[in-house]
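Asks: no FASTA, just this:
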């Protein structure tokens, strides 16, 4: 299945530099419809106001973490179908298992490059 390059992507991170890095990587990969949120609660507001095709969220944020956001998204009938990729600086096995149980589609450990992001995204949404 070919991926629609105009799909809407929401990236969530409380670190502005990381948002810029992910946005630039997505742009390199051909994705230009990218919105940002600084934490899970801001992301939820955006998710409920607009249709998104992919969520890429950091794990460690305040006041709502990426893990808490994932659980909220998966519990919401309107949002639970959206592919969700978690980004983290730690590759703790417990975190990976918890995220998998909560319904994450894929997991990226920082630092990463465009090729890594493309591979993780392709595993979730199909080749592009």
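Replies: Received, thanks. Model, not experiment: these values are computed from the prediction.

Asks: drop to CA atoms for contacts and neighbour counts, all remaining ones
Replies: Fine.

Asks: which SS state does the residue nearest to the spatial centre of the chain fall under?
Replies: Note on the chain: the residue nearest the mean C-alpha position is residue 56, at 1.1 Å, using C-alpha atoms, centre = their mean. Put simply, residue 56 is strand when judged by DSSP: H, G, I helix; E, B strand; the rest coil.

Asks: what helices and strands are in contact with the worst-scoring helix or strand of the chain on mean pLDDT?
Replies: In the chain, the helix or strand scored least confidently by mean pLDDT, DSSP states H and E is helix 93-102, which has a mean of 92. In this structure, helix 93-102 packs against helix 66-75, with contacts taken as 3 or more C-alpha pairs under 8 Å, 6 or more residues apart in numbering; DSSP states H and E.

Asks: the helix or strand following the helix it packs on pairs with which strands?
Replies: Per DSSP states H and E, helix 66-75 leads on to strand 84-88 as the next helix or strand towards the C-terminus. Using DSSP bridges, strand 84-88 pairs in its sheet with strand 54-58 (parallel), strand 106-109 (parallel).

Asks: how distant is the first one from the center of its chain?
Replies: Its chain's average C-alpha position is 1 Å from that of strand 54-58, according to C-alpha atoms, centre = their mean, to the nearest Å.

Asks: likewise stretch 9-26?
Replies: On C-alpha atoms, centre = their mean, the centre of stretch 9-26 falls 9 Å from the chain's centre.

Asks: report the buried residues of that stretch.
Replies: For stretch 9-26, the neighbour count (16 or more other C-alpha atoms under 10 Å) marks 9-14, 18-19, 22-26 as buried.

Asks: go on, stretch 111-123?
Replies: Buried-residue list, stretch 111-123, by 16+ other C-alpha under 10 Å: 114, 117-118, 120-121.

Asks: and for stretch 27-45?
Replies: Under the neighbour-count criterion of 16+ other C-alpha under 10 Å, stretch 27-45 has 31-32, 34-41, 43-44 buried.

Asks: circling back to that earlier point, what's the angle between the least confident helix or strand of the chain and helix 66-75?
Replies: Between helix 93-102 and helix 66-75, the angle comes out at 20 degrees (axes from the mean of the first three to the mean of the last three C-alpha atoms, to 10 degrees).

Asks: the residue nearest to the centre of the chain touches residue 11, doesn't it?
Replies: Yes: contact criterion C-alpha atoms under 8 Å: residue 56 and residue 11 qualify, at 4.7 Å.
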